[in-house]
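Novice: Sequence and predicted structure below; questions after.
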Amino acid sequence: MKNIKILGGGCANCKRLEQIARDVAKANGIEAEFEEVKEYAEIMKFGVMSTPALVVDGKVVVSGRVPTAEEVTVWLKA
């Protein structure tokens with residue numbers, strides 16, 4: 001099971017990133033647990049300076065932009 005965290009304050013881009021990640025996981029049969037991290041202090045623990053950000057199994061894979069579904073697919077399948 002993948003542990004996926006969406007880092008950000010809940011803006012439109014954060015919601016879009018979460019939806020893309022959920023859609024990719026579902027389409028590829030990937031079991032995943034999703035968590036939203038909105039507290040600035042928690043976000044800083046990941047070293048992220050710009051949101052939204054996506055963390056897969058403890059590793060920041062992207063920050064500061066909304067990735068494509070194709071990019072998220074690669075990260076979730078890794």
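Specialist: Looks like it arrived, so ask away.

Novice: model confidence over stretch 18-25, on average?
Specialist: What stretch 18-25 shows for mean pLDDT is 98.

Novice: typo on my end, it should be stretch 45-58
Specialist: Mean per-residue pLDDT for stretch 45-58: 97.

Novice: next one: stretch 7-14
Specialist: What stretch 7-14 shows for mean pLDDT is 95.

Novice: So what touches it?
Specialist: 6, 17, 36-38, 42-43, 46, 48, 51-55, 60, 63, 65-66 (Cβ atoms under 8 Å, 6 or more residues apart in numbering). No exception for glycine: its C-beta is placed from N, CA and C like everyone else's.

Novice: at 10 Å what do you get?
Specialist: For stretch 7-14, contacts defined as Cβ atoms under 10 Å, 6 or more residues apart in numbering pick out 6, 15, 17-18, 35-40, 42-46, 48, 50-55, 60, 63-66.

Novice: Where is the longest helix in this protein?
Specialist: When the chain is parsed with DSSP state H, its longest helix is helix 12-27.

Novice: Good, wrapping up.
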